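> with the input below, show me the fold.
(3 chains)
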Amino acid sequence: MSIYDAIYAVVSQIPRGKVATYGQVAALANLPGQARLVGYALYRVDHSSDIPWHRVINAKGEISQSPFRYGSDDVQRSLLEQEGIQFSPVGKISLKEYCWQPSLPLPPASLFQ
DNA sequence: TCCTTGACCAGAG
DNA sequence: CCTCTGGCCAAGG
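Residues are numbered from 1 along each chain as shown, chains lettered A, B, ... in the order given. The predicted structure follows:
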């Protein structure tokens, strides 16, 4: 059981048209305060997998870029726009409007242990 | 085993 | 709006 399994399990539950922040995912994965690990986990996700990695953004409501994507963050942006998410002129997403709020209290740990 | 790096965050100034 | 700081922890050299 790797901590990544919990992270992937949470990310997989983010519905279409919604986004979640790294910190949020970390908390739901029962890893409070370990947002960096979420980023690290997503880094090693295969883009061809089922995991909706593009629905995870940073706390500022912006797309985080990574070295290996080299500015091709347009990919993530396009995917999000396809789901109806709108960006501000500055490239920010309205968390107020699109932040995922899990209706069912995700359960946590029992599900993943 | 030590040291550095990293798709982060919240708080302080 | 900006920068800096400390904290978290896995992976790679």
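
> and chain A, which of its residues are near DNA strand B?
Within chain A, the positions lying close to DNA strand B (Cβ under 7 Å from any atom of the strand) are A:21-23, A:35-40, A:42-43, A:45, A:47, A:53-54, A:56, A:58-60, A:64-68, A:76. The C-beta positions use only the backbone N, C-alpha and C, and glycine is treated the same way.

> of these, which belong to strands?
If you go by DSSP state E, the residues of chain A next to DNA strand B have A:21, A:56 in strands.

> centre-most residue in chain A?
A:V56 (1.8 Å; Cα atoms, centre = their mean).

> filter the residues of chain A next to DNA strand B to the buried ones?
The neighbour count (16 or more other Cβ atoms under 10 Å) marks A:21-23, A:35, A:37-39, A:42, A:45, A:53-54, A:56, A:76 as buried among the residues of chain A next to DNA strand B.

> and the residue nearest to the centre of chain A, what is it in contact with?
With contact taken as Cβ atoms under 8 Å, 6 or more residues apart in numbering, A:V56 is in contact with A:11, A:14, A:19-22, A:25, A:38, A:42.

> look up how far A:P89 lies from it.
23 Å (Cβ to Cβ, to the nearest Å).

> likewise A:P102?
Taken as Cβ to Cβ, the span from A:P102 to A:P89 is 30 Å.

> again with A:H54
A:H54 sits 21 Å away from A:P89, going by Cβ to Cβ.

> and if you look at A:L37?
32 Å.

> for A:L95, which non-adjacent residue is spatially closest?
A:G61 (4.6 Å; Cβ to Cβ, 6 or more residues apart in numbering).

> the one you found: neighbour count?
The number of residues packed around A:G61, counting by other Cβ atoms under 10 Å, is 20.

> I'd say it and A:E97 touch.
No. If you go by Cβ atoms under 8 Å, A:G61 and A:E97 don't touch, sitting 9.9 Å apart.

> residues contacting stretch A:41-49, please?
If you take Cβ under 8 Å, 6+ apart as the criterion, stretch A:41-49 is touched by A:3-4, A:7-8, A:11, A:51, A:53, A:56, A:66.

> what do you get if the cut-off is 10 Å, keeping everything else the same?
Under the criterion Cβ atoms under 10 Å, 6 or more residues apart in numbering, residues A:2-8, A:11-12, A:22, A:25-26, A:29, A:31, A:34, A:51-54, A:56, A:64, A:66-69, A:75 lie in contact with stretch A:41-49.
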